[in-house]
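Q: how does the following fold in three dimensions:
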Amino acid sequence: MRKINLILLSIFVSSIFIIGCATANTGNSDTWRNVSSVNELIGKWEGASSVGIPENQEASIPQSSINIKENSASINSVYKFDLDKLLSDMLKTDGMKQAGITKNKLWEILLNEILSADEDGVFSDYGDFFMLLTEENGINDLSKCFINEKGNRLKIVFDDAIVFGLGDTGMTEIILIKK
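A: Predicted structure coming up:
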């Protein structure tokens, strides 16, 4: 009888341990509050996001993605768009193969399209299939900025999604980590 009680006790303790581990806070959830002062933004912040591009056979656009990295110093932001994967995926489509377009030529065409449509002059060629978008005083509405309790993670929510016109849903927010 004593042996059965010890086995039941060890099963009970093990199950409590397993339940406790399964429901433990992993540290990935944050409690967010509005940024109340520009002073909370002082420092260097970095973050990354990815925007999925759905396949569109008619436009020779394969399923792909664009990776975005942001570096911010206080209220000035620099977004770095990595278009390498998108270009590589586009070159795999039948239309691009038949046209014999190289990656560099496709980059040149895309770059010219982006820069000619950039009325505000915020985009620039960063080379090696990267574009930069620079915003001075980019954070001008603190009601769209949220900071976690520790003050080391910043969430910026965009009124309008940053879209690339490739059928993507765009990026509606980005989370930055204080460096």
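
Q: which residues touch the one residue sitting closest to the centre of the chain?
A: The centre of the chain sits closest to Ser49, judged by CA atoms, centre = their mean, with a distance of 0.9 Å. By CB atoms under 8 Å, 6 or more residues apart in numbering, the contact set of Ser49 is Asn67, Ile68, Glu70, Met171, Ile174, Ile175. Heads up, the C-betas are built off the backbone N, CA and C, glycines and all.

Q: what strand or helix carries the closest residue in space to Ala48 that isn't next to it in sequence?
A: Once flanking residues are discounted, Ala48 sits nearest to Lys69: 4.8 Å by CB to CB, 6 or more residues apart in numbering. Secondary structure assignment for Lys69, by DSSP states H and E: strand 64-73.

Q: ok, residues contacting that strand?
A: 41, 43-53, 77-83, 85-86, 89-90, 138-139, 162, 164, 168, 171, 174, 176.

Q: quick check: buried residues in the helix or strand hosting Asp160?
A: If you go by DSSP H and E, Asp160 is part of strand 153-162. Within strand 153-162, the residues that count as buried by 16 or more other CB atoms under 10 Å are Arg153, Leu154, Lys155, Ile156, Ile162.

Q: show me the beta-bridge partners of the residue nearest to the centre of the chain.
A: Ile68 (DSSP bridges).

Q: quick one: contacts for Thr134?
A: Asn76, Ser77, Val78, Tyr79, Val122, Ser124.

Q: excluding chain neighbours, give the residue nearest to Met90 in space.
A: In space, Met90 is closest to Met96, 5.8 Å off (CB to CB, 6+ apart).

Q: Asp159 too?
A: Lys144 (7.0 Å).

Q: cool, and Glu149?
A: Closest to Glu149 by CB to CB, 6+ apart is Thr31, at 5.3 Å.
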